[in-house]
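In: what shape does this take:
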Amino acid sequence: MLYRHIRLSIIATGLVAATSAPGLAADIPIKAPGVATASTAGGVYFWADGSAQSIRLPTYDIGTRLLPVAPGSGISAANTYDPRATGYGISGGLGFVLPPGVSLSNIGTNGRIEFSGSYVNATASQAATAVSTLGSGYSLPQVGGITNFAGSVACGAGTSCVVSSTLGTSYSSWQVSGRYATDFKVSGVIITPSLAVFGGKSRNSQTLSETNLVFGGTASVHYDADTKLDWTDWGARAGLSGSVPVTDWLTFVAGGNAGLAVRRVSLTGSDSVNVFVGGVPFFAPTFSATTSSATTTAFVANAEASVNIKLAPSWALRAFGGLNYDNKVPGVSAPAVVLPFGFGGASTPAGVKYQAETSYYAGGGLTVRF
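Out: Model (predicted):
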């Protein structure tokens, strides 16, 4: 939660590998660092890769609340969604192996500075239906802080509410990163510690369309909501990976990183309610809107494994897979009903919430050394 996530790191190995990532998730975990691509002082390398992304996002439960037959307890969302958006990630970067005489180049071998960027885009479409118990009721708190049609028998005496809805999710995220890494050879394994700073921006736009059939289907309540979460991240992370040469042309790399991101979140939301009886509008539409913002510090982490194949002295391919963890992916907190019984009432407006999420990715890339 950055990535429900972009995750970036720059992987280098006797072939360099790079990043791609969501993640989400809100989202800015980064890929595991690898081993240096250029073994000659002052060498330059370039990498690019693409990936399939599976980004987990916080639950979404705006809309109709079902009420028990008897007032007092048991209010719950008619439909609760747990989005997992799928899509693609692209990333690329440029690395420079430091020449002799530069102080950082004396720490380990292949001391290098890498600059990279990545972009992730993912979507999800979901549908759900809920049926209340006979003789129960419902309330409809709007994002702006008002409640419509709250009542313990609002579904109609002896009838049920049938609440059907669809949710569309569109997630995107980009990130830039600068990283220093160096190598240490220990018993045939190349150990690569790294330190990086990063920044990026993510957006999660969600649209809910809901229909509640009441009084045995003779009347219906239509609810539409549109919410947008935007957040920026700035932070730092430390990484560690190990590279094991299997043959002259095949290398296995595994590692990860962890860090903190200062996250600034903004939420905008709007919605509308329309009531129809016999297919004819019964009330004038009710509209509401809300805005809010929040700042937090998120813990982001990543784990990744890759197989690197050396095609030529200056060319290499890799296949990779990994996961990104974010303990504070932004989501939308649903309005809470303050006066659940009676026709109309008040509610708290929608706001920003956070959830811990884990996202996944897999893909391939190419590295070229100059």
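In: got the buried residues for stretch 213-229?
Out: Across stretch 213-229, burial judged by 16 or more other Cβ atoms under 10 Å covers 213-214, 219-221, 223-229. The way it works is simple: take the backbone N, C-alpha and C, and place the C-beta from them, glycine included.
In: out of the residues you listed, what pair is the most spread apart?
Out: The span of the buried residues of stretch 213-229, defined through Cβ to Cβ, is set by 219 and 229 at 33.4 Å.
In: so residue 160 makes contact with residue 133?
Out: Yes - with contact defined as Cβ atoms under 8 Å, residue 160 and residue 133 form a contacting pair (6.6 Å).
In: once you drop chain neighbours, what's closest to residue 239?
Out: In this structure, residue 239 finds its nearest non-sequential neighbour in residue 257, 3.3 Å apart by Cβ to Cβ, 6 or more residues apart in numbering.
In: before we move on, back to that, may I see the buried residues of stretch 213-229 organised as JSON lines, with secondary structure and distance to residue 267 added?
Out: Formatted as JSON lines, the buried residues of stretch 213-229 follow (DSSP: H, G, I helix; E, B strand; the rest coil; distance: Cβ to Cβ, whole Å):
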{"residue": "213", "secondary structure": "strand", "distance to residue 267": "30"}
{"residue": "214", "secondary structure": "strand", "distance to residue 267": "30"}
{"residue": "219", "secondary structure": "strand", "distance to residue 267": "32"}
{"residue": "220", "secondary structure": "strand", "distance to residue 267": "29"}
{"residue": "221", "secondary structure": "strand", "distance to residue 267": "24"}
{"residue": "223", "secondary structure": "strand", "distance to residue 267": "18"}
{"residue": "224", "secondary structure": "strand", "distance to residue 267": "17"}
{"residue": "225", "secondary structure": "strand", "distance to residue 267": "12"}
{"residue": "226", "secondary structure": "strand", "distance to residue 267": "12"}
{"residue": "227", "secondary structure": "strand", "distance to residue 267": "7"}
{"residue": "228", "secondary structure": "strand", "distance to residue 267": "7"}
{"residue": "229", "secondary structure": "strand", "distance to residue 267": "5"}
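In: part of a helix, is residue 303?
Out: No - under DSSP: H, G, I helix; E, B strand; the rest coil, residue 303 falls outside any helix and is assigned strand.
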